[in-house]
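1. Let me see the structure of the following:
(2 chains)
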Amino acid sequence: GQQLNQSPQSMFIQEGEDVSMNCTSSSIFNTWLWYKQDPGEGPVLLIALYKAGELTSNGRLTAQFGITRKDSFLNISASIPSDVGIYFCAGRNFGNEKLTFGTGTRLTIIP
Amino acid sequence: EAGVAQSPRYKIIEKRQSVAFWCNPISGHATLYWYQQILGQGPKLLIQFQNNGVVDDSQLPKDRFSAERLKGVDSTLKIQPAKLEDSAVYLCASSPTGQGYNEQFFGPGTRLTVL
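-> Here you go, the predicted model:
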């Protein structure tokens, strides 16, 4: 099955730095979602985007729904230790609850 | 509100053996999903139920995998016989039903190791 491409695959940053990651697809989606997964846990929804061009914030997180509907971006400002984990994008189309997940971006904070 | 419950949390079996996983969704959630997450990849949908009916099982390897949700609440996923490539985390998720987007809530998963 299709998986969305995320980049970078992994990131090593220092606490306080800003983070950017993106997700691209060969097909369009009507909804883009960003999840975070901690070790031994299931993914937890961070942000949902419903319109092309939409920019949505949730605290220090900001995500954008690409104009082409084939990509999305997630930014984290002023990273803190609890931001460590794997971030997944997911796409969905109207009338269908099925989520197609990305390959993930692993975020590590260097002390 | 209790989250999605899954058991067992870990399972180690030998290839060709059988295994079953159990999921209890959030109370009142009509839709239930089983995902397979191979190490280093995102979750991949195996099967989606609405109440006790199957909505999508297009990516379920039906020669060895089966799932049921007999009373529209709990669900079990079975693998028989298991192969080495079935080693993965099996995630269960549930969502309410209604107009618009319905968020999927994930359980902690069952980590399966096939030796």
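2. where in chain B is pLDDT low?
-> B:1, B:98-101 (pLDDT under 70).
3. Show me which residues of it sit near chain A.
-> When proximity is defined as C-beta under 8 Å from any C-beta of the partner chain, chain B approaches chain A at B:4, B:31, B:33, B:40-45, B:48, B:55-56, B:59, B:91, B:93, B:95, B:101-104, B:106-109. C-beta here means a position set from N, CA and C on the backbone, and glycine is covered the same way.
4. Could you say which helix or strand holds the residue nearest the centre of chain B?
-> For chain B, B:Trp34 is the residue whose C-alpha lies nearest the centre (C-alpha atoms, centre = their mean; 2.7 Å). For B:Trp34, the host element (DSSP states H and E) is strand B:31-37.
5. One more: A:Phe73?
-> strand A:71-76.
6. Contact residues of chain A facing chain B?
-> Residues of chain A lying near chain B (C-beta under 8 Å from any C-beta): A:1, A:3-4, A:31, A:40-45, A:48, A:50, A:88, A:90, A:92, A:97-99, A:101-104.
7. Quick one, which of those are buried?
-> Buried subset of the residues of chain A next to chain B (neighbour count, 16 or more other C-beta atoms under 10 Å in any protein chain shown): A:3-4, A:31, A:42-43, A:48, A:88, A:90, A:92, A:97-99, A:101-104.
8. Adjacent strands (with direction) for the strand holding A:Phe73?
-> According to DSSP bridges, strand A:71-76 forms sheet pairs with strand A:19-24 (antiparallel), strand A:61-65 (antiparallel).
9. give me the beta-bridge partners of the closest residue to A:Asn75 other than its chain neighbours?
-> Nearest residue to A:Asn75, sequence neighbours excluded (C-beta to C-beta, 6 or more residues apart in numbering or on different chains): A:Thr62, at 4.7 Å. Assessed by DSSP bridges, A:Thr62 has beta-bridge partners A:Ser57, A:Asn75.
10. what's near enough to touch A:Thr62?
-> Residues in contact with A:Thr62 (C-beta atoms under 8 Å, 6 or more residues apart in numbering or on different chains) are A:Leu55, A:Thr56, A:Leu74, A:Asn75, A:Ser77.
11. I'd assumed A:Gly102 was in contact with A:Gly9.
-> One correction, residue A:9 is Gln, not Gly. No: the criterion here is C-beta atoms under 8 Å, and A:Gln9 misses it with A:Gly102 at 10.5 Å.
12. burial measure for residue 66, as a count.
-> Going with chain A. 20 (other C-beta atoms under 10 Å in any protein chain shown).
13. actually it's chain B I care about, not the one you picked
-> 16.
14. Can you list phi and psi of it for me?
-> For B:Ser66, the backbone dihedrals (degrees, to the nearest 10) come out as phi -140, psi 150.
15. how about CSV for the strands paired with strand A:71-76, with mean pLDDT and distance to B:Cys23 added?
-> Formatted as CSV, the strands paired with strand A:71-76 follow (pLDDT from 0 to 100; distance: least, C-beta to C-beta, whole Å):
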stretch, mean pLDDT, distance to B:Cys23
strand A:19-24, 97, 27
strand A:61-65, 97, 29
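16. Include distance to A:Val84 when you put those into CSV, please.
-> Compiled in CSV, the strands paired with strand A:71-76 are given as follows (distance: least, C-beta to C-beta, whole Å):
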stretch, distance to A:Val84
strand A:19-24, 11
strand A:61-65, 14
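17. Tell me what B:Asn24 is bridged to.
-> Applying DSSP bridges, one finds that B:Asn24 bridges with B:Ala5.
18. Ok, B:Cys92 next?
-> Applying DSSP bridges, one finds that B:Cys92 bridges with B:Trp34.
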